[in-house]
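Engineer: Below is the structure, and that's it, no one-letter string:
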Ligand SMILES: NC(=O)c1ccc[n+]([C@@H]2O[C@H](COP(=O)([O-])OP(=O)(O)OC[C@H]3O[C@@H](n4cnc5c(N)ncnc54)[C@H](O)[C@@H]3O)[C@@H](O)[C@H]2O)c1
Ligand SMILES: [Zn+2]
């Protein structure tokens, strides 16, 4: 049987409904004009996932479906299912950016139909940002939209992609070119699940937290400076602190600018150059967070040249990036990166916008960066990047 609760059951008497809650769970409220929901972060959340979902939904879902990847399911599937009276129906997405596409969306929507999904069904994304983006998009368009819940399993997905409602897939012509906003009903970020995350993925994800601190939370920057060894050794308390602060920052920005027309732009610190580096290396050399790490080094350099941060603040921020490295080595020309960023002479016209740190814990947008200025900052970064040993 594929249902969530046994037929005829209200689900309200589920044995785990009143189970004791896990200590040190943090609840962060996301209030956007279109939806209000909680992000719950803590270690061991999977143990009580079903009753927590039950408390979240207004109406009991007729069926529950989970989208995950085979490798995540092999590691965590059993723990995931344990709190459910009836196991949810599992759909799979093979890992990798190349599977975040329209073909997967068509396959998954058809599989949902064939498995009996309808408008009363609930979808759960159980995986990293790729699973989350595809699952959210499928939920947004299946029968004109069904609710979904995010259970992110990578650091990046916990602090960034699961919050904010951006969903979508790639086209051969470009990344994230088809998608929509569809906010989840709730996000459950179980920190224990990060225990199996490859070290490189953790370090890359941490770059998004560095970004969060730099743009809006000076105390997070200080904490990350002082507790790198605990964070990198996955000490639960240290991770909780960083994850909760990063989510809080994102929730706050998204609440003010749900559809990315203004303030949300500050979340792009380091991303213009980061995306250009990903593109110039054909998405084969850098994880997204690593590209953002190098992108931030370039932008910090730009900020120092412009005087929005002091020389000592620049040193401090650059050290912080390297504390969470190593970032892979790059062998690129600055002009190529500037061209890939779309900010070369042809396209600039004074409108390419850059997010720059204003001191530490604040950021602003400038729109008059010249190609020469950008090339100098990228050149500085590439000098460092060519000296770095490649990470494994
Ligand atoms: N929607 C948004 O707002 C938003 C924001 C940022 C990024 N994104 C998207 O997120 C995607 C990147 O997400 P990601 O960095 O999470 O990568 P990912 O989803 O590719 O996951 C990285 C790898 O880690 C594996 N993995 C996941 N959890 C694991 C665990 N607990 N233990 C062991 N292995 C695990 C995955 O199977 C995968 O191989 C990109 O497609 C990007 O465009 C979306
Ligand atoms: Zn990012």
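Structural biologist: Received it, and whenever you're ready, just let me know what you need. This is a predicted model, so every value here is computed, not measured. Numbers count the residues shown, from 1 in each chain. Ligands and ions are numbered 1, 2, ... in the order given.
Engineer: in the longest helix along the chain, what counts as buried?
Structural biologist: The longest helix of the chain (DSSP state H) is helix 236-256. For helix 236-256, the neighbour count (16 or more other Cβ atoms under 10 Å) marks 236, 238-251, 253-255 as buried. All C-beta spots, glycine's among them, are computed from the backbone N, C-alpha and C.
Engineer: Also stretch 179-192?
Structural biologist: In stretch 179-192, counting by 16+ other Cβ under 10 Å, buried: 179, 181-192.
Engineer: Next, see if it gets close to ligand 1.
Structural biologist: No. Remark: stretch 179-192 sits outside contact range of ligand 1, by Cβ under 6 Å from any ligand atom, the gap being at least 8.1 Å.
Engineer: Straight-line length of that stretch, end to end?
Structural biologist: In stretch 179-192, first residue to last residue: 30 Å (Cα to Cα, to the nearest Å).
Engineer: Report the distance from that stretch to the chain centre.
Structural biologist: In this view, stretch 179-192 has its centroid 10 Å away from the chain centroid, taken as Cα atoms, centre = their mean, to the nearest Å.
Engineer: and it, what's its mean pLDDT?
Structural biologist: Regarding stretch 179-192, the rounded mean pLDDT is 97.
Engineer: Could you do stretch 288-303 as well?
Structural biologist: Stretch 288-303 comes out at a mean pLDDT of 98.
Engineer: heads up, I number from 37, so please use that
Structural biologist: Will do, 37 is the new start, and the previous item becomes stretch 324-339.
Engineer: chain center to that stretch: distance?
Structural biologist: The answer for stretch 324-339 is 17 Å, by Cα atoms, centre = their mean.
Engineer: what's the following helix or strand after the worst-scoring helix or strand of the chain on mean pLDDT?
Structural biologist: Using mean pLDDT, DSSP states H and E, helix 381-384 stands out as the lowest-scoring helix or strand of the chain, at a mean of 47. Later in the chain than helix 381-384, the nearest helix or strand by DSSP states H and E is strand 390-393.
Engineer: What residues does the stretch 37-186 of the chain have near ligand 1?
Structural biologist: Residues of the stretch 37-186 of the chain lying near ligand 1 (Cβ under 6 Å from any ligand atom): 105, 107-108, 111, 131, 133, 136, 163-167, 169.
Engineer: hmm, try it at 8 Å
Structural biologist: 105, 107-108, 111-112, 131-133, 136, 163-169, 172 (Cβ under 8 Å from any ligand atom).
Engineer: Is residue 194 in contact with residue 228, as I believe?
Structural biologist: No. Counting by Cβ atoms under 8 Å, residue 194 sits too far from residue 228 to count as a contact (11.5 Å).
Engineer: I'd like the next helix or strand past the helix or strand residue 246 falls within.
Structural biologist: If you go by DSSP H and E, residue 246 is part of helix 235-252. Where DSSP H and E defines the elements, the next helix or strand beyond helix 235-252 is helix 254-262.
Engineer: Double-check that residue 97 belongs to a strand.
Structural biologist: No. Under DSSP: H, G, I helix; E, B strand; the rest coil, residue 97 falls outside any strand and is assigned coil.
Engineer: Can you give me the distance of it to residue 182?
Structural biologist: Going from residue 97 to residue 182 by Cβ to Cβ, to the nearest Å gives 9 Å.
Engineer: just residue 113 next, same as before
Structural biologist: From residue 113 to residue 182 the distance is 22 Å (Cβ to Cβ).
Engineer: right, and residue 240 touches residue 326 too?
Structural biologist: Yes. Using Cβ under 8 Å, residue 240 makes contact with residue 326 at a distance of 4.9 Å.
Engineer: Next step: the residues of the stretch 37-186 of the chain next to ligand 1 restricted to strands.
Structural biologist: residue 163 (DSSP state E).
Engineer: Whichever of the residues of the stretch 37-186 of the chain next to ligand 1 end up buried, select them in PyMOL.
Structural biologist: Command for PyMOL, covering only those of these found buried under the criterion 16+ other Cβ under 10 Å:
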select buried, resi 105+108+111+112+131+136+163+164+165+166+167+168+169+172
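Engineer: before we move on, back to that, neighbour count: residue 113 and residue 182, which is higher?
Structural biologist: residue 182 (21 against 16; other Cβ atoms under 10 Å).
Engineer: What residues does the stretch 187-336 of the chain have near ligand 1?
Structural biologist: Going by Cβ under 8 Å from any ligand atom, the residues of the stretch 187-336 of the chain near ligand 1 are 188-193, 196-204, 206, 211-212, 229-234, 237, 240-241, 244, 323-325.
Engineer: Which ones among those map onto strands?
Structural biologist: Those of those mapping onto strands are 188, 202-204, 206, 211-212, per DSSP E.
Engineer: Just the buried ones from the residues you listed?
Structural biologist: The buried subset of those - by 16+ other Cβ under 10 Å - is 188, 202-204, 206.
Engineer: Which neighbours do residue 97 and residue 182 have in common?
Structural biologist: 157-158 (Cβ atoms under 8 Å, 6 or more residues apart in numbering).
Engineer: List just the nearest of the buried residues of stretch 215-228 to ligand 1.
Structural biologist: For those, the residue nearest ligand 1 by Cβ to the nearest ligand atom is residue 215; the value is 8.1 Å.
Engineer: can you pull the contacts of the closest one?
Structural biologist: Residue 215 touches 169, 173, 202-205, counting by Cβ under 8 Å, 6+ apart.
Engineer: Can you lay out the residues you listed as a markdown table showing pLDDT?
Structural biologist: Formatted as a markdown table, the contacts of residue 215 follow (pLDDT from 0 to 100):
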| residue | pLDDT |
| --- | --- |
| 169 | 98 |
| 173 | 98 |
| 202 | 96 |
| 203 | 98 |
| 204 | 98 |
| 205 | 97 |
